[in-house]
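Peer 1: I'd like to go over a predicted model; first the sequence, then the structure.
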Amino acid sequence: DVKVTQSSRYLVKRTGEKVFLECVQDMDHENMFWYRQDPGLGLRLIYFSYDVKMKEKGDIPEGYSVSREKKERFSLILESASTNQTSMYLCASSSNEDRVFGEGSRLTVL
Amino acid sequence: GENVEQHPSTLSVQEGDSAVIKCTYSDSASNYFPWYKQELGKGPQLIIDIRSNVGEKKDQRIAVTLNKTAKHFSLHITETQPEDSAVYFCAASIYWGLMFSGGYNKLIFGAGTRLAVHP
């Protein structure tokens, strides 16, 4: 069964902490994405990557960075977490127009 | 900018009734329209999609219709069951040029519809 795995389902961090969210896919997809999901706002694209070491900003990149050192792994980094980054974070991968999503990482910043 | 509006935000139906969720998109160049279902505690999962050269597509109890002129597309679920209860997202694809690698199809998502099917 093909999968996108997000290593942390629930995290609680303090303001100012550095946060790493990890995502691994086993489908050999070129494209990987990080979305943020908030009630009433749908899914908003933070960053995506179309190849190893390549990245593009999405609609809401401020306060976030990403890393893709290997094809199967895409990491989202919050350099200094803030309370307004409390949210559900979804990783996805694709080889075409569709997206295969992970189960999400719910981050709470206190 | 590009936008997808989705209505209603919540929908409550009795088991066996039909449910309809509607979306409107802004970019007339959009050519791919997927629908995702998100069950509690899980990530969104593709349930059906339609391309702009097709007006309707069905898969058992689920159907999607597309009106390109009006820039509307809708999800229809017939004979609803309690396991249909979930949040549903529509999306429209937009070609997005990249600086170093041609381009790719970006998905713009609607805000979601929470469907509750009561036994």
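Peer 2: It's in.
Peer 1: just list the residues touching the spatially most central residue of chain A, thanks.
Peer 2: With distances taken as CA atoms, centre = their mean, residue A:34 lies nearest the centre of chain A, 3.2 Å away. Applying CB atoms under 8 Å, 6 or more residues apart in numbering or on different chains to residue A:34 gives the contacts A:21, A:23, A:45-48, A:58, A:64, A:66, A:74, A:76, A:89-91. C-beta: built from backbone N, CA, C; applies to glycine.
Peer 1: next: residue B:116.
Peer 2: Here residue B:116 is in contact with B:10, B:11, B:12, B:13, B:85 (CB under 8 Å, 6+ apart).
Peer 1: name whatever forms a beta bridge with residue 48.
Peer 2: No chain in the question, so chain A it is. Here residue A:48 shows beta-bridge partners residue A:33, residue A:56, assigned using DSSP bridges.
Peer 1: nope, chain B
Peer 2: residue B:35.
Peer 1: circling back: export the contacts of residue B:116 to a markdown table and tack on distance to chain A, pLDDT and neighbour count?
Peer 2: A markdown table is the format used below for the contacts of residue B:116 (distance: CB to the nearest CB, whole Å; pLDDT from 0 to 100; neighbours: other CB atoms under 10 Å in any protein chain shown):
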| residue | distance to chain A | pLDDT | neighbour count |
| --- | --- | --- | --- |
| B:10 | 11 | 97 | 10 |
| B:11 | 15 | 98 | 17 |
| B:12 | 17 | 98 | 13 |
| B:13 | 21 | 97 | 17 |
| B:85 | 17 | 98 | 18 |
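Peer 1: for the residues you listed, give me a markdown table that also has distance to residue A:7 and secondary structure.
Peer 2: Below are the contacts of residue B:116 laid out as a markdown table (distance: CB to CB, whole Å; DSSP: H, G, I helix; E, B strand; the rest coil):
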| residue | distance to residue A:7 | secondary structure |
| --- | --- | --- |
| B:10 | 32 | strand |
| B:11 | 34 | strand |
| B:12 | 36 | strand |
| B:13 | 37 | strand |
| B:85 | 28 | coil |
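Peer 1: need those in CSV (columns: distance to residue B:109).
Peer 2: Formatted as CSV, the contacts of residue B:116 follow (distance: CB to CB, whole Å):
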residue, distance to residue B:109
B:10, 17
B:11, 17
B:12, 22
B:13, 23
B:85, 20
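Peer 1: what sits against the residue of chain A found nearest chain B?
Peer 2: Sorted by distance to chain B under CB to the nearest CB, the residues of chain A start with residue A:101, at 3.5 Å. Shown in contact with residue A:101 (CB under 8 Å, 6+ apart): A:4, A:90, A:91, A:92, B:36, B:43, B:44, B:45.
Peer 1: swap the cut-off to 10 Å and go again
Peer 2: A:4, A:6, A:33, A:35, A:37, A:43, A:90-94, B:36, B:38, B:42-46 (CB atoms under 10 Å, 6 or more residues apart in numbering or on different chains).
Peer 1: which ones among those residues are found in strands?
Peer 2: A:4, A:6, A:33, A:35, A:37, A:43, A:90-94, B:36, B:38, B:45-46 (DSSP state E).
Peer 1: for stretch B:2-21, the distance to its chain's centre please.
Peer 2: 10 Å (CA atoms, centre = their mean, to the nearest Å).
Peer 1: which of the contacts of residue A:101 count as buried?
Peer 2: A:4, A:6, A:33, A:35, A:37, A:43, A:90-94, B:36, B:38, B:43-44 (16 or more other CB atoms under 10 Å in any protein chain shown).
Peer 1: lowest pLDDT pick from these?
Peer 2: Among the buried ones among the contacts of residue A:101, residue A:94 carries the weakest pLDDT, at 90.
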